[in-house]
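Chemist: starting from these lines, generate the structure:
(chains A, B, C and D)
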Number of protein chains: 2
Amino acid sequence: MSTIEEVAKEAGVSVATVSRVLNKSNKVTLKTKIKVEETIKRLKYEPNMLGRNLRRSESRMILALLPSISNPFYTMIIKGIEDIARDNGYNVLLCQTDSEPERELVYINLLKQRLADGLISLDPKIDINVLKGISQDYPIVQSCEYSEELNLPYVTIDNFQAGYQAVKHLISIGKKKIAFINSDNKFIYARLREKGYIKALEEAGLEINKDYIINGENDFESGQKNMQQLLALKNRPDAVFLVSDVLAIGALKAIRDMSLSVPEDIAVVGFDNIDFSTMMNPALTTIAQPMYEIGCESCRLLLNRIHHRNADIEKIIMDFELIIRESTIK
Amino acid sequence: MSTIEEVAKEAGVSVATVSRVLNKSNKVTLKTKIKVEETIKRLKYEPNMLGRNLRRSESRMILALLPSISNPFYTMIIKGIEDIARDNGYNVLLCQTDSEPERELVYINLLKQRLADGLISLDPKIDINVLKGISQDYPIVQSCEYSEELNLPYVTIDNFQAGYQAVKHLISIGKKKIAFINSDNKFIYARLREKGYIKALEEAGLEINKDYIINGENDFESGQKNMQQLLALKNRPDAVFLVSDVLAIGALKAIRDMSLSVPEDIAVVGFDNIDFSTMMNPALTTIAQPMYEIGCESCRLLLNRIHHRNADIEKIIMDFELIIRESTIK
DNA sequence: TTGTAGGCGTTATCAC
DNA sequence: GTGATAACGCCTACAA
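Modeler: Numbers count the residues shown, from 1 in each chain, chains lettered A, B, ... in the order given. Here you go, the predicted model:
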């Protein structure tokens, strides 16, 4: 509970000197330094960051906007962000927006109130206009989902290639009637993965069947429902690529409910490689994004912008990996 | 970017008056109030919270210490904490400790540095001595797991009764050889649930079989492994109560791998009612804790302590509920 | 009702 | 190398 002033008095020096010791300035005699450090320890002094932050006019806090922390998709990204942040003396405030605009605003206000130094947006549903409104004044980075129109830094993977590789894999194991359960095409990742899906089919000379492409929500129930819809088709598909593992887990349930077998009757490829994807029965073939690294890079980009407000806008494309498991290979 | 001083000058009043308007003091004429508010809007003024926080010597930030946000167990608790916090003008910093003591310390230092006003501990593995060391100086609440020895406020359910009810349910459907897969008995919830398990068996005149009680880690792999161990017994159990749904999901996999059926061969009861428990096949019978409310109450208790530093220590016991699904009833 | 001024705890700019 | 001192932006006695 003691202040820098008490330490100064107790050590017989000025507050300036204590501050210099605190901030590892080298313009301090070893002798005084030791004396001050001893006093700090004795008084159990801890610098009051409220004072420091006001003086430096920074909060050393960064915001990570995401729909919900319960989505396992974000787990490792968050870890990456937090690790890099902590290494640089920053803390991360996770903002669950539930994709509700009012919630978003609450957190964005933290930037205006100087309670946060920058923001990483992981929420695909974020209101672009809101971001546009503040992107001039505050450091912002987009992670995974992004909008080119904003001209902000972002980190992502090549979603077109990812969709393409996933479907090529299904073709390579002999599947010919490949369906695609997507989320909403308003998302750029959804559009790109769909393009990859179509390119792979075309390249293999396979027909594009409109009934095989379903857009919907990105959750367990949708996966189940949309898979049921596919299974009800007269010309049932023999494989399905889903734009997330959560969707795929729903689909697996629908397939099992029909007593069909995976991968023989229907092969399944998901996306994201969440923890639960290995716990499924069968384990899920999926596309793994380098989640942790995406988080790290996003945070690095943000810190860069915080410290160099008018550096070039960086855009980073990370590698992905197809992970083959039981849902496509016996 | 403007300051209170600029607003004052522009509105032709003193900073004190602007401050009064900002803080809804009623000692301001409606006329000046309107004038000031107009100016605030025109200048797009936002109060700088760094200044306010220093002055008020509060951070309006609370800490929630938990092992990992990826554990679905914490999802709704966190939501409860955040909702109450936000309603009261506080933000929540989620601290993933990974149960690493160094991480804990980083966050606990935020208290000492005045960057947080209080702490809710959700981490069963937290070092009791560390908590003890700071519990005199800072507002702390324990949530779910707790230590009586600390004499701190806590929120929990009656874990003894919960274990008792779970096992009584298994007995009621005719099971006689009921196993118990627990986590580590160093946790109070683990000890209490075990007591409930034993009480239910004794009451029904069933034998306590040492081989049927397994202590271990609380994760998917342990559930799988420990279930395999039970299934390898000569005298195989016909039911199992597990101390978490994550364990139960692991157990389901082990049971399926042996081509046994649930609930006919083995009935399964989990704990926590996580989202995935309904997605399983069969859906999981489980004990639901009022997670959201636990979060809310924990936060309320903490805010109480922040505002009344020497009020009585409150201890809150919440209700739980047995949710019967396919893993025990066909 | 409104204004003046001191202070929250720190850092940084000057002198010395 | 060290010390005084003026900020940082805000709130709140106290005076008027």
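
Chemist: who's in contact with A:R236?
Modeler: A:K177, A:L230 (CB atoms under 8 Å, 6 or more residues apart in numbering or on different chains). (Each C-beta comes from the backbone N, C-alpha and C, glycine too.)

Chemist: I'd like the next helix or strand past the helix or strand of chain A with the lowest mean pLDDT.
Modeler: Least confident element among the helices and strands of chain A, by mean pLDDT, DSSP states H and E: helix A:276-279 (a mean of 89). Next in sequence after helix A:276-279, counting helices and strands by DSSP states H and E, comes strand A:285-288.

Chemist: all helices of chain A, in order?
Modeler: Taking DSSP state H, the helices of chain A run over residues A:4-11, A:15-22, A:30-43, A:49-56, A:75-87, A:101-112, A:128-135, A:159-172, A:188-203, A:220-231, A:245-257, A:276-279, A:291-307.

Chemist: and these as JSON lines, adding distance to B:V167 and mean neighbour count?
Modeler: What follows is the helices of chain A, written out as JSON lines (distance: least, CB to CB, whole Å; neighbours: other CB atoms under 10 Å in any protein chain shown):
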{"stretch": "helix A:4-11", "distance to B:V167": "59", "mean neighbour count": "18"}
{"stretch": "helix A:15-22", "distance to B:V167": "58", "mean neighbour count": "18"}
{"stretch": "helix A:30-43", "distance to B:V167": "53", "mean neighbour count": "15"}
{"stretch": "helix A:49-56", "distance to B:V167": "50", "mean neighbour count": "18"}
{"stretch": "helix A:75-87", "distance to B:V167": "33", "mean neighbour count": "21"}
{"stretch": "helix A:101-112", "distance to B:V167": "41", "mean neighbour count": "17"}
{"stretch": "helix A:128-135", "distance to B:V167": "52", "mean neighbour count": "14"}
{"stretch": "helix A:159-172", "distance to B:V167": "46", "mean neighbour count": "21"}
{"stretch": "helix A:188-203", "distance to B:V167": "47", "mean neighbour count": "19"}
{"stretch": "helix A:220-231", "distance to B:V167": "30", "mean neighbour count": "20"}
{"stretch": "helix A:245-257", "distance to B:V167": "29", "mean neighbour count": "23"}
{"stretch": "helix A:276-279", "distance to B:V167": "26", "mean neighbour count": "19"}
{"stretch": "helix A:291-307", "distance to B:V167": "40", "mean neighbour count": "22"}
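
Chemist: for those, which one sits closest to B:G163?
Modeler: If you check each of the helices of chain A against B:G163 by CB to CB, helix A:276-279 wins as the nearest, at 25.1 Å.

Chemist: for A:M318, list the residues it contacts.
Modeler: A:V155, A:T156, A:I157, A:Q289, A:P290, A:E293, A:I294, A:E297.

Chemist: for A:R103, which non-adjacent residue is closest in space?
Modeler: Once flanking residues are discounted, A:R103 sits nearest to A:T97: 4.5 Å by CB to CB, 6 or more residues apart in numbering or on different chains.

Chemist: and that neighbour, what is it in contact with?
Modeler: By CB under 8 Å, 6+ apart, A:T97 lies in contact with A:L65, A:L66, A:P67, A:R103, A:E104, A:Y107, A:D123, A:K125, A:I126.

Chemist: and the gap between it and A:I81?
Modeler: 16 Å (CB to CB, to the nearest Å).

Chemist: which residues touch the residue of the stretch 151-300 of chain A found nearest DNA strand D?
Modeler: Closest approach between the stretch 151-300 of chain A and DNA strand D, counting by CB to the nearest atom of the strand: A:L152, at 25.5 Å. The neighbours of A:L152, taking CB under 8 Å, 6+ apart as the test, are A:L131, A:S135, A:I140, A:V141, A:Q142, A:Y146, A:I313.

Chemist: top of the residues you listed by neighbour count?
Modeler: Within the contacts of A:L152, A:V141 tops the neighbour count with 30 neighbours, counted by other CB atoms under 10 Å in any protein chain shown.

Chemist: in contact with it, which residues?
Modeler: A:G118, A:L119, A:I120, A:S121, A:L152, A:P153, A:Y154, A:V155, A:S298, A:L301, A:L302, A:R305.

Chemist: what do you get for A:S135?
Modeler: For A:S135, the contacting residues are A:L150, A:L152, by CB under 8 Å, 6+ apart.

Chemist: and the pLDDT at it?
Modeler: Here, the pLDDT recorded for A:S135 equals 93.

Chemist: and for A:L94?
Modeler: We have a pLDDT of 96 for A:L94.

Chemist: wait, what's in contact with it?
Modeler: The contact partners of A:L94, taken as CB under 8 Å, 6+ apart, are A:A64, A:L66, A:I69, A:I78, B:I69, B:L94.

Chemist: ok, those vs B:A11, which is closest?
Modeler: A:A64 (36.9 Å).

Chemist: what's the neighbour count on the closest one?
Modeler: 28.

Chemist: ditto for the one 10 residues further on
Modeler: Residues near A:Y74, counting by other CB under 10 Å, number 27.

Chemist: how about the residues of the stretch 101-250 of chain A by chain B?
Modeler: A:V106, A:N109, A:L110, A:K112, A:Q113, A:R114, A:L115, A:D137, A:F220, A:I249, A:G250 (CB under 8 Å from any CB of the partner chain).

Chemist: dump the contacts of A:T97 to JSON lines, plus pLDDT and distance to A:P237.
Modeler: Shown next, in JSON lines, are the contacts of A:T97 (pLDDT from 0 to 100; distance: CB to CB, whole Å):
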{"residue": "A:L65", "pLDDT": "96", "distance to A:P237": "36"}
{"residue": "A:L66", "pLDDT": "95", "distance to A:P237": "32"}
{"residue": "A:P67", "pLDDT": "93", "distance to A:P237": "29"}
{"residue": "A:R103", "pLDDT": "90", "distance to A:P237": "38"}
{"residue": "A:E104", "pLDDT": "92", "distance to A:P237": "38"}
{"residue": "A:Y107", "pLDDT": "95", "distance to A:P237": "42"}
{"residue": "A:D123", "pLDDT": "93", "distance to A:P237": "32"}
{"residue": "A:K125", "pLDDT": "90", "distance to A:P237": "29"}
{"residue": "A:I126", "pLDDT": "91", "distance to A:P237": "33"}
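
Chemist: could you chop chain A up by domain?
Modeler: A:4-47, A:61-156+A:291-317, A:159-289 (automatic domain parsing).

Chemist: look up the closest residue to A:N218, ignoring the ones flanking it.
Modeler: A:S183 (3.9 Å).

Chemist: that neighbour contacts A:G216, doesn't it?
Modeler: Yes. Contact criterion CB atoms under 8 Å: A:S183 and A:G216 qualify, at 6.9 Å.

Chemist: who has more neighbours, the two?
Modeler: The neighbour comparison of A:S183 against A:G216 (other CB under 10 Å) goes to A:S183, with 22 against 17.

Chemist: which residues does A:I69 contact?
Modeler: Counting by CB under 8 Å, 6+ apart, A:I69 touches A:I78, A:L94, A:Q96, B:I69, B:T75, B:I78, B:L94.

Chemist: farthest-separated two in the residues you listed?
Modeler: A:I78 and B:T75 (13.6 Å).

Chemist: and the residue in the stretch 51-200 of chain A that DNA strand C sits nearest to, how close does it get to B:R114?
Modeler: Using CB to the nearest atom of the strand, the closest approach of the stretch 51-200 of chain A to DNA strand C is made by A:G51 at 2.9 Å. Distance, A:G51 to B:R114, using CB to CB: 8 Å.

Chemist: same check on A:K79?
Modeler: Remark: distance between A:K79 and B:R114 (CB to CB) = 27 Å.

Chemist: equivalent analysis for A:N26, please.
Modeler: Per CB to CB, A:N26 is found 28 Å from B:R114.

Chemist: more neighbours: which of those two?
Modeler: Between A:N26 and B:R114, counting by other CB under 10 Å, B:R114 is the more crowded of the two (22 against 6).

Chemist: what sits against the more buried one?
Modeler: By CB under 8 Å, 6+ apart, the residues touching B:R114 are A:N48, A:M49, A:L50, B:S57, B:S59.
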